[in-house]
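**Student:** Pasting the sequence and the predicted coordinates here, then a few questions.
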Amino acid sequence: MTEPIAVSAELFAPVGPGQELCYQTFGTLADAPRGALLLVMGLSGPMIWWPVGFCEALVEAGFFVIRYDNRDTGRSFRGEGRVARGDLVKAFLGRPVEAPYSMSDLASDGIAVLDHLGIGSAHVCGMSMGGMIVQTMALEHPDRVRSVTSVMSTTGSRRVGFQHPSLLPRLLRSPGRGREAYAESTAAFWSFIGSPGYPTGLDEVRARALDTYDRGISGSGVMRQMMAVLTQPDRTRLLSSVTVPMTVIHGRADKMVHVSGGRATARAAGADLLVIDGMGHDLPRGLWPTFVRSITDTADRA
């Protein structure tokens, strides 16, 4: 009989005075031949957007898996500073604005989780904004990163990875008041940006939205994260200095981050590139084996 996978309770790692990040682990480090793997989610996404079944598949592949809520999501601490919609529009247009925190701050949060767990270095995988974060980890904390898998992300350059023109109004639109309204608006949004070749059922999307709402949502926090994304630096030139193995995964049907962002990231870093037909801006169950295999192959090159 296969031994059950050890899953921790939701725990907290200190980041600063009064600041804690919520995290959870799968498996045990002593029994993980490929070592630790830190999963970093994207804009507004709590750690539960890394499905339990996906995390367990990574444990079966030989990893000690760590997922966590970025600041301003889920049960992690809320940042400070107000971002107005007008400020986001200015940032989107490339005009100078003040951001409450940066991509470097978000990368340091992930390193703080590793510090708390006593892990010297880890493989890292990030989706969307999480891809930007793990790229930044590799650049600013190179001794802490063993390999990088950057999924449906981009370099920070404004010339690539652009959004579908109809997306900004959808991102700025209020989700409505209350649990059911949040679920309905989320389902509508994900039906627009999801994977047409690997569709996720409406019931599954709604259930995840309800779980997200119950963990705690912050409209002002999403605005702060969006500002960090819109004001991030262009990493194109610096990515050539990444020496650890790196793989870039992107969907050809991605409306949130155009596939040009993935291609530019791979080209700049000299990374392997996997472009998947029919994949949008999500992690559909039908592609889990592909993701696990790619993350594993990248780690094995370290």
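**Tutor:** Structure's in. What do you need?

**Student:** can you give me phi and psi for residue 32?
**Tutor:** Backbone torsions for residue 32, taken as degrees, to the nearest 10, come to phi -110, psi 100.

**Student:** What's the local residue count around it?
**Tutor:** 18 (other C-beta atoms under 10 Å). (Glycine included, C-beta is placed from N, CA and C.)

**Student:** same question, residue 92
**Tutor:** Counted with other C-beta under 10 Å, residue 92 comes out at 17.

**Student:** Nearest residue to it in space, please, no chain neighbours.
**Tutor:** Across the structure, with C-beta to C-beta, 6 or more residues apart in numbering as the measure, the residue nearest residue 92 apart from its sequence neighbours is residue 230 (5.8 Å).

**Student:** In this structure the one you found contacts residue 91, no?
**Tutor:** Yes: if you go by C-beta atoms under 8 Å, residue 230 and residue 91 touch, sitting 3.8 Å apart.

**Student:** where in the protein is pLDDT low?
**Tutor:** Along the chain, segments meeting pLDDT under 70 span 1-2, 168-176.

**Student:** for it, what spans make up the helices?
**Tutor:** Assigned helices in the chain, in chain order: 52-60, 85-92, 103-117, 129-140, 167-172, 179-193, 202-215, 219-230, 259-269, 288-300 (criterion: DSSP state H).

**Student:** Reformat the ones you listed as JSON lines; add distance to residue 16.
**Tutor:** Shown next, in JSON lines, are the helices of the chain (distance: least, C-beta to C-beta, whole Å):
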{"stretch": "helix 52-60", "distance to residue 16": "27"}
{"stretch": "helix 85-92", "distance to residue 16": "24"}
{"stretch": "helix 103-117", "distance to residue 16": "9"}
{"stretch": "helix 129-140", "distance to residue 16": "17"}
{"stretch": "helix 167-172", "distance to residue 16": "28"}
{"stretch": "helix 179-193", "distance to residue 16": "29"}
{"stretch": "helix 202-215", "distance to residue 16": "21"}
{"stretch": "helix 219-230", "distance to residue 16": "16"}
{"stretch": "helix 259-269", "distance to residue 16": "30"}
{"stretch": "helix 288-300", "distance to residue 16": "30"}
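
**Student:** which of these is buried the deepest?
**Tutor:** Stretch with highest mean neighbour count among those: helix 129-140 (a mean of 26; mean count of other C-beta atoms under 10 Å).

**Student:** Burial check on the residue nearest to residue 286 when sequence neighbours are not counted, number of neighbours?
**Tutor:** Leaving aside its sequence neighbours, residue 286 sits nearest to residue 198 (C-beta to C-beta, 6+ apart; 4.2 Å). Look at residue 198: counted by other C-beta under 10 Å, it has 20 neighbours.

**Student:** Please name the residues that touch residue 198.
**Tutor:** With contacts taken as C-beta atoms under 8 Å, 6 or more residues apart in numbering, residue 198 has the following neighbours: 278-279, 284-287.

**Student:** Show me which of those residues are buried.
**Tutor:** For the contacts of residue 198, a neighbour count by 16 or more other C-beta atoms under 10 Å gives the buried set as 279, 284, 287.

**Student:** I'd say the first one and residue 255 touch.
**Tutor:** Read it as residue 279. No: contact between residue 279 and residue 255 fails when scored by C-beta under 8 Å: they sit 11.2 Å apart.

**Student:** a markdown table please, covering the buried ones among the contacts of residue 198 and showing distance to residue 86.
**Tutor:** A markdown table is the format used below for the buried ones among the contacts of residue 198 (distance: C-beta to C-beta, whole Å):
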| residue | distance to residue 86 |
| --- | --- |
| 279 | 34 |
| 284 | 35 |
| 287 | 38 |
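
**Student:** Which two of the contacts of residue 198 have the greatest separation?
**Tutor:** 278 and 285 (13.5 Å; C-beta to C-beta).

**Student:** Overlap of the contact sets of residue 230 and residue 91?
**Tutor:** For the pair residue 230 and residue 91, residues contacting each of them under the criterion C-beta under 8 Å, 6+ apart are residue 99.

**Student:** show me where the stretch 1-150 of the chain has strands.
**Tutor:** 11-16, 19-26, 35-40, 63-68, 122-127, 145-151 (DSSP state E, counting those that start in this stretch).

**Student:** Now the first one - C-alpha only, PDB.
**Tutor:** Think strand 11-16. Listed next in PDB are the C-alpha coordinates belonging to strand 11-16 (Å, rounded to 0.1, in the frame of the first residue of the first chain):
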ATOM      1  CA  LEU A  11       1.400  27.600   9.000                       C
ATOM      2  CA  PHE A  12       2.900  31.100   9.200                       C
ATOM      3  CA  ALA A  13       6.400  32.400   8.400                       C
ATOM      4  CA  PRO A  14       7.400  35.800   9.800                       C
ATOM      5  CA  VAL A  15       8.500  38.400   7.200                       C
ATOM      6  CA  GLY A  16       8.700  41.600   9.300                       C
END
